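Chemist: Sequence first, predicted coordinates after that:
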Amino acid sequence: MHPLNDIKQYKKICLLFLFTLCLSSFIAPVIKIFLDTLVSSSPFIKDLLHYKQGTYEFGKVMRRIMMAVAVLLIFLLRKPLGIGFFVAIGIKPVQGWWRQLQMGFLLSTGMFIFYITLASVCGTQIFRTEAISPANVTFQPLKILLIAGLVGCIEEIFFRGFILQALLTDMRAVSAVWISSLFFSLLHFFKVKLVVSPGFQPFIGFLVIYESFRDMIVNFNAILPSATGLFLVGVVLSYAYLRTKSLYLSIGLHAGWIFLIKENKVFFHHIRTNLEWLFGDSKIITGVLGWSFLIITLILIRFITNVSCNGKNTARTL
């Protein structure tokens, strides 16, 4: 019997996170030595790491190390963590899955377009006429759509397919949604830009992690609007999963948001005005209007999931 089998799911998630940080910190110095030998000789690595005047940015490298370690641990510990079981529940074939996916995408993009329209009328978003080109109109949207679908699928499988479902085995739905959404939000800020120079640094991994936690604490007021918006995003996506008992609606919502946010950066320029409290910044979910639209989306999910594509009730009360 595996020693993790008798531990509650929320404790397994905490241990997985801590083990990922520790293992990544031990691996980081070895990876850095390898990069040090390449950064001055390989033009590709030099450009990738922005190597200038004998220094390069290691924070981004550390994030990739943590991602790889997390994937490896999840694969090796998939049985005691119950990942296969939880994910299978979320992506199992259900009637109307394609319509749920489309409904989520259209709902998120529709609300987003409404937001951009209001922002443009109020002068906080200005259309970039210079952005109109054959590449931006044809190939760029397809590329962004592919990225949005991939990221939305991966993040939903991990956060709602595993984290949320694992928490639901040990606690009430409201608590599980709040905790998983908070984790989803804060994890977006677990990053720091740390410039290093070539040379052996045995504690570089631990330093990056320390600086990441420190940066979140020191800049808490600065990240609070974004963290609030991301928390609400997590709540909406979690509620979509609970209402449909599958991940398809939440994947559609997530992919739609990513697609329009990236497209917005291509075609619109954000203007800072005295209405920033209302519209937020270019991230959109940092203002009162963005938060309100997320709450409206939550309410709409309640209505559009009352009846499934085949007329059968698919609701699951939160």
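Modeler: That came in fine, so what should we check first?

Chemist: pLDDT weak spots in this structure?
Modeler: Along the chain, segments meeting pLDDT under 70 span 1-5, 306-318.

Chemist: SS state for residue 126?
Modeler: strand (DSSP: H, G, I helix; E, B strand; the rest coil).

Chemist: That one: what's it in contact with?
Modeler: Counting by CB atoms under 8 Å, 6 or more residues apart in numbering, residue 126 makes contact with 120, 268, 269, 271. Placement of C-beta: from N, CA and C, glycine included.

Chemist: who wins for most neighbours among those residues?
Modeler: Across these, neighbour numbers were computed from other CB atoms under 10 Å; residue 268 holds the maximum, 18 neighbours.

Chemist: From residue 118, how far out is it?
Modeler: 13 Å (CB to CB, to the nearest Å).

Chemist: about what we covered before: return the subset of the contacts of residue 126 lying in strands.
Modeler: Those of the contacts of residue 126 mapping onto strands are 268, 269, per DSSP state E.

Chemist: Just send the contacts of residue 126 back as TSV, with distance to residue 229 too.
Modeler: As requested, the contacts of residue 126 are arranged in TSV below (distance: CB to CB, whole Å):
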residue	distance to residue 229
120	20
268	18
269	20
271	19
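
Chemist: Residue 192: which of the contacts of residue 126 is nearest?
Modeler: Taking CB to CB as the measure, residue 192 sits nearest to residue 269 out of these, at 27.8 Å.

Chemist: The closest one contacts residue 129, correct?
Modeler: No. Using CB atoms under 8 Å, residue 269 makes no contact with residue 129, being 10.3 Å away.

Chemist: centre of the chain versus the helix or strand containing residue 66, how much separation?
Modeler: Per DSSP states H and E, residue 66 falls inside helix 59-76. In terms of CA atoms, centre = their mean, to the nearest Å, the centre of helix 59-76 is set 15 Å apart from its chain centre.

Chemist: same thing with stretch 54-63?
Modeler: For stretch 54-63, the distance to the chain centre is 21 Å (CA atoms, centre = their mean).
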